[in-house]
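Enquirer: Predicted model, plus sequence, below.
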Amino acid sequence: MSTTTNPPPQPTTDEPPAAAPPPDEVRLELFETMVRSRTYEEAILREYHVDKGPGFDIGKGQIPGEMHLSAGQEPVAAGICAHLTSDDAVTAPHRPHHFAVAHGVDLRRMTAEIFGRETGLGRGRGGHMHLFDPAVHFSCSGIIAEGYPPALGAAFAFRRKGTGGIAVAVTGEGAANQGAFHESLNLAALWQLPVVFVVEDNEWGISVPRTASTSVASNAERAAGYGIPGVRVEDNDVDAVHAAAETAVARARAGDGPSLIEVATVRMWGHFEGDAQGYRPELASVADLDPIPRYAERLRGAGVLDDATEESIRARASEQVEDAVTFAKDSPIPDPAEVHRYVFAEEQS
Ligand SMILES: Cc1ncc(C[n+]2csc(CCOP(=O)(O)OP(=O)(O)O)c2C)c(N)n1
């Protein structure tokens, strides 16, 4: 019987580029995108809890069903989407709002979808985990890691059509243990597709810590297993995400194939609204990790942001968000007689 010895592990990941910060106007745009996203989620949070009582009944209220909010993870979406246009595709996970906002999904129709209204992106049939906006090639799914394979399809189509578009596939670190994640990395590498894979490592998959679900310290190491570059951005740093994405997007656009970016980020609120988070020892200090005031502080220190600019950014965000919420609330609910429309049903009644 012969035995083989595995070679010692080699360093497998590229270090994120130690780039200079983006130009001032870009940093302000990154800040504004993050503020718009947070303002949006604060409004959805407010509206979601209306009429859920007494107690908390997830099926009640004007937005029934589960709600997964992304507060804290805004640097990932802002830094990546700053390099994209509406000709590029984004496939987001069940926690999609920050990517939808950053990629320019129609805010009114997205909000109407979340409220289950006929004017929604999916005529109110899909809800907050199923937002589809073909105008900007955006989609998301409640089935974790299932945004990865469709991103390959979009990238393949863009290449065949010669549009110059690329696809960005986003998932959480928990979902990076799903087969669809690994199959997608393999095929995208094999076919050298213009894809950027993004993993948001918020350290928790519902109540499961990443150390209990994931065999490697960084998903960037897994990229090496498929022969593609992988980087991990630490500290939820939007400037560093922007720099890493610049490299990965340029590589995809140049026809040099896919890359993977993992970002160490933070889920500031529950896995879903109503989650008491008793499993989370660090809960008391999570608010200190809020990336938006941290970035504001950094921009102030660099002389990029002042009170007046921040106020106008926040006012603009509130105006856009409240306009979208009003549009949604003023929209009709779907006609109950049409419950069988757009679904496979043996009998239409
Ligand atoms: C295929 C599949 N299995 C299980 C679930 C249930 N589920 C919903 S979210 C989630 C955890 C996801 O964790 P992660 O990928 O880290 O994303 P996060 O929620 O932290 O953003 C699970 C297991 C699902 N939606 N899809």
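Expert: Structure received.

Enquirer: if I look at Ala254, how far off is the ligand?
Expert: Distance of Ala254 to the ligand, computed by C-beta to the nearest ligand atom, to the nearest Å: 30 Å. For the C-beta atoms, the positions are set from N, CA and C on the backbone; glycine is no exception.

Enquirer: And the residue of this structure closest to the ligand?
Expert: Gly172 (2.2 Å; C-beta to the nearest ligand atom).

Enquirer: Could you count how many residues lie near that residue?
Expert: Gly172 has 25 neighbours, counted by other C-beta atoms under 10 Å.

Enquirer: pretty sure it contacts Val208?
Expert: No: Gly172 is not in contact with Val208 according to C-beta atoms under 8 Å; the separation is 10.9 Å.

Enquirer: show me what contacts the closest residue to Ala154 other than its chain neighbours?
Expert: Nearest residue to Ala154 in three dimensions, chain neighbours excluded: Ala89, at 3.8 Å (C-beta to C-beta, 6 or more residues apart in numbering). With contacts defined as C-beta atoms under 8 Å, 6 or more residues apart in numbering, Ala89 is in contact with 137-139, 151, 154-155, 158, 165-168.

Enquirer: Quick check on Ala89: phi, psi?
Expert: Dihedral angles of Ala89 (phi, psi; degrees, to the nearest 10) stand at phi -100, psi 150.

Enquirer: Kindly report the same for Val199.
Expert: Here is the backbone geometry of Val199 (degrees, to the nearest 10): phi -120, psi 120.

Enquirer: Ok, Val195 next?
Expert: phi -130, psi 140.

Enquirer: Now for it, how many residues are close by?
Expert: When neighbours are counted by other C-beta under 10 Å, Val195 comes out with 32.

Enquirer: Setting aside sequence neighbours, what's the nearest residue to it?
Expert: Nearest one to Val195, counting by C-beta to C-beta, 6+ apart, is Pro258 at 4.2 Å.

Enquirer: same thing with Val304?
Expert: Looking at Val304 with C-beta to C-beta, 6+ apart, the closest residue is Asp24, at 4.8 Å.

Enquirer: wait, that neighbour sits on Thr309?
Expert: No: when contacts are counted by C-beta under 8 Å, Asp24 is not listed as touching Thr309 (10.7 Å).

Enquirer: returning to that earlier point: what pLDDT does the model give the residue nearest to Ala154?
Expert: pLDDT recorded at Ala89 is 98.

Enquirer: who touches the residue nearest to Val195 in this structure?
Expert: By C-beta under 8 Å, 6+ apart, the contact list for Pro258 reads 185, 188-189, 192-197, 228, 252.

Enquirer: want to throw those into a markdown table with pLDDT?
Expert: As requested, the contacts of Pro258 are exported to a markdown table (pLDDT from 0 to 100):
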| residue | pLDDT |
| --- | --- |
| Leu185 | 98 |
| Ala188 | 98 |
| Ala189 | 98 |
| Gln192 | 98 |
| Leu193 | 98 |
| Pro194 | 98 |
| Val195 | 98 |
| Val196 | 99 |
| Phe197 | 98 |
| Ile228 | 98 |
| Ala252 | 98 |
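
Enquirer: Neighbour-wise, give me the winner out of these.
Expert: Top of the contacts of Pro258 by neighbour count (other C-beta under 10 Å): Val195, with 32 neighbours.

Enquirer: beta partners for that residue?
Expert: Note on Val195: beta-bridge partners by DSSP bridges are Ala167.

Enquirer: any idea how far it is from Arg280?
Expert: Distance, Val195 to Arg280, using C-beta to C-beta, to the nearest Å: 32 Å.

Enquirer: now the stretch 1-150 of the chain, which segments are flagged as low pLDDT?
Expert: 1-18 (pLDDT under 70).

Enquirer: tell me which parts of it are close to the ligand?
Expert: 94-95, 142-144 (C-beta under 6 Å from any ligand atom).

Enquirer: For the residue most central in space within the chain, give me its contacts.
Expert: Residue closest to the average C-alpha location in the chain (C-alpha atoms, centre = their mean): Phe99, at 4.2 Å. Remark: with contacts taken as C-beta under 8 Å, 6+ apart, Phe99 is in contact with 70, 77, 80-81, 90, 92, 138, 140, 170.
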